[in-house]
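Colleague: Here is my input; please provide its structure:
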Amino acid sequence: MTLRMIIGFCFAGVLGFLVEICLIKSGMFLGLGAIIPRFVSLPIAIVTTFFTNRFISFSNYSPVRVSEILAYFLAMLIGASFSFILYSSLIIMAVGVELSLVIATICAAIANFVMSRRLFLQKKH
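Modeller: Model prediction:
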């Protein structure tokens, strides 16, 4: 594991977070509340982090296959499920949207890093 991988992974996480907060806030503006928009924002954030991690964090420039995106998505579902449950619980407890998303994202990040590293380095070598 290199510093470049860690910095790239953090960048991907921040980018995914920004995607999520923008989509959640948009959903709230449309009157959907703070939990319903996460059903859309979470998958879009996962796809965003897939491309960012693949190309930037792990320097894997081989052609992208749909099966690879699906494998990544399924691997991230463990962290994403935990993140969604934690986020929803915090929202129900009246914790602010931004803080709830930050807490849920950080808690899921370590598991997602390990899964990403395995997937991308395995495909590269």
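
Colleague: so where is the chain shaky, pLDDT-wise?
Modeller: 1, 120-125 (pLDDT under 70).

Colleague: For this structure, which residue occupies the most central location?
Modeller: I46 (4.4 Å; C-alpha atoms, centre = their mean).

Colleague: Please tell me I have it right and that residue contacts G79.
Modeller: No: assessed by C-beta atoms under 8 Å, I46 is found out of contact with G79, at 9.2 Å. Any C-beta I mention is one placed from the backbone N, CA and C, and that applies to glycine too.

Colleague: what about the strands in the chain?
Modeller: For the chain, no strands are identified by DSSP state E.

Colleague: As a check, name the ranges of all helices in it.
Modeller: 3-29, 38-52, 66-92, 97-124 (DSSP state H).

Colleague: winner for burial among those helices?
Modeller: When these are scored by mean count of other C-beta atoms under 10 Å, the highest mean neighbour count falls to helix 38-52 (a mean of 19).

Colleague: What angle do helix 66-92 and that one make with each other?
Modeller: For helix 38-52 against helix 66-92, the angle by axes from the mean of the first three to the mean of the last three C-alpha atoms, to 10 degrees is 140 degrees.

Colleague: Taking helix 97-124 as reference, get the angle to helix 38-52.
Modeller: Going by the same axes, to 10 degrees, helix 38-52 makes 40 degrees with helix 97-124.

Colleague: just checking, what packs against helix 38-52?
Modeller: Secondary-structure packing of helix 38-52 (3 or more C-beta pairs under 8 Å, 6 or more residues apart in numbering; DSSP states H and E): helix 3-29, helix 66-92.

Colleague: hmm, back to that, which one of the helices of the chain lies closest to N60?
Modeller: With C-beta to C-beta, the closest approach to N60 among the helices of the chain belongs to helix 97-124: 4.8 Å.

Colleague: starting at the chain centroid, how far to that closest one?
Modeller: From the chain centre to the centre of helix 97-124 is a distance of 6 Å (C-alpha atoms, centre = their mean, to the nearest Å).
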